[in-house]
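Undergrad: Sequence first, then the predicted structure, then my questions.
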Amino acid sequence: MNRREFIKKGSLTALGVAGLPYILPSGRLFAATGARKVNHVVFCLFAGGVRNWESVQKAEGNLMPNILSGSEAISSDLVGSMSNLPSSPLSSSMQSMGTLFREFRFSSGPTGHYNGHTTALTGQHTSTALNLRAAPDMPTIFELYRKHNSPSTSATNAWWVSHSNNLYPLLNYSTHPNYGPAYGANQIAPTQLFQGSSLDALGPEFSIDPDIQSELERLTHFSNSQFDIPFSAAAGLENTVEGREQIQAFLSQMVQAAQSGQHINPWSVPSGMNGDMLNVFYAEEILKEFKPELLVVNMFGVDVAHTNFTGYCDNLRRADWAVAHLWNTIQNTPGMANDTLLIVAPEIGRNANPNTIVDVNGRAALDHTTDDAVSREIFCLMLGPAGIVQANQSIQTVTGESIDIVPTIADALGFGSEVSGILPGRVLQEAYV
């Protein structure tokens, strides 16, 4: 039986076998000793490599009006190529609500997307020896959180929402001997899971069989089996039926909604929703269903910059709007409103000098290479409850770097002292009141 036939018979075309999420253990962990600043953290790895010139420096006008304050007009040659977006979901810019580090840095390691993601999620510098087919050797923020957080925390409280299943699920957990898969997050690539290309290939005649729930359960159990480790080997962790059943029901609901067309454009964006918007939409659905204490979501739409500068600018605007929608959802979700820290940062920047590819507006495209200082320049935005995060603060000097995000998350969730000995970065105290 070939893969196409299997998917038809299994009624999982919208999912795709490669898109199955990890369903992880939950149960008793180690107690944290520090006081929490908030009970939820959402970290958004923003857009897939953004040059500061087009973002915080506004070289082409304010392409990010939802995140950044200011009404600088977009360069006239780009205006006609920009997508039609709804009005802002927010009453003011996110910069006015939080602290913007205008000159953040990815200070060490190759300026590749995977290197940048690895640094952001482990709090460790990467090197040229990074294995793109293996998990990192140092623990991720998911492992640190799940091992050192409070005793009652379930695995449904930790989610890694990646834009694809290419390399990024590897960042769920490390090969570190003291951590590993027992301490990972629930990982999902929703645009492949629910919007997969295999569905398009089958065409409109395809429909889901009534037994989709049982098939989902069978394949989810297969995915979950790698985490069925002995009690003694899991530091007291054990799987719970409740967590699996909740995730199972959520997946089934998302599949049915996607198949019925409800997820084609749920935000009613006039120009339609791109992959970044859809990834954030599904992250929001997870937030509303599970109210996790830790969720990381990434975006990748602006990576068209390698061949299309105008498309890069347009997708930067769309990513900006999506992040504003994410913050608005957080603030309107009971249990997360006024109790969530949102961190937004690109993983890497882009080169000062363009390559030789020119788009329809005569604009040259942009790559990202290790020997270019501008490709290490990024920004970081932090928002949180009043009285916790300083509002309307813009830090102009070179302050902070990507290895500081993990210790900042650990500090916010109250287990910073437990992990400070293995993290080279520091807490971004400048953002706090």
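TA: Ah, there it is.

Undergrad: switch to C-alpha atoms for all contacts and neighbour counts from now on
TA: Will do.

Undergrad: secondary structure class for the closest residue in space to Asn52 that isn't next to it in sequence?
TA: The spatial neighbour of Asn52 that comes closest, neighbours along the chain excluded (CA to CA, 6 or more residues apart in numbering), is Ile378 at 5.9 Å. Assigned with DSSP: H, G, I helix; E, B strand; the rest coil, Ile378 falls in the strand class.

Undergrad: Touching, Ile378 and Ala345? I think so.
TA: Yes: between Ile378 and Ala345 there is a contact under CA atoms under 8 Å: 7.2 Å.

Undergrad: Which of these two has more residues huddled nearby?
TA: A direct count of neighbours by other CA atoms under 10 Å for Ile378 and Ala345 places Ile378 higher, at 28 against 25.

Undergrad: so what's the more buried one bridging to?
TA: Phe104 (DSSP bridges).

Undergrad: what's the closest non-adjacent residue to Thr397?
TA: Closest to Thr397 by CA to CA, 6+ apart is Glu103, at 6.1 Å.

Undergrad: One more: Ala134?
TA: Leu170 (6.6 Å).

Undergrad: Kindly state the pLDDT recorded for the one you found?
TA: Looking at Leu170, its pLDDT stands at 88.

Undergrad: ok, longest strand in this protein?
TA: strand 393-401 (DSSP state E).

Undergrad: Show me how far that strand is from its chain's centre.
TA: Offset of strand 393-401 from its chain centre (CA atoms, centre = their mean, to the nearest Å): 22 Å.

Undergrad: From Ser107, how far off is the residue nearest to Asn52?
TA: Look at Ile378 and Ser107: by CA to CA, to the nearest Å, they are 10 Å apart.

Undergrad: low-scoring pLDDT stretches of the chain, where are they?
TA: Across the chain, the ranges flagged by pLDDT under 70 are 1-33, 150-153, 196-240.

Undergrad: From the centre of it outward, give me the first residue you hit.
TA: Val297 (1.3 Å; CA atoms, centre = their mean).

Undergrad: Wait, a strand at it?
TA: Yes: counting by three-state DSSP, Val297 is part of a strand.

Undergrad: Distance of it relative to Ala35?
TA: Val297 is 25 Å from Ala35, by CA to CA.

Undergrad: Cys313 is in contact with Gly361, correct?
TA: Just to correct that, residue 361 is Asn rather than Gly. No: the criterion here is CA under 8 Å, and Asn361 misses it with Cys313 at 11.9 Å.

Undergrad: Between the two, point out the one with more neighbours.
TA: Neighbours per residue (other CA under 10 Å) separate Asn361 from Cys313, with Cys313 holding more: 24 against 13.

Undergrad: The more buried one should be in a helix, yeah?
TA: Yes: per three-state DSSP, Cys313 lies within a helix segment.

Undergrad: for it, what are its contacts?
TA: Counting by CA atoms under 8 Å, 6 or more residues apart in numbering, Cys313 makes contact with Glu54, Leu63, Met82, Val302.

Undergrad: Fine by me, we can end here.
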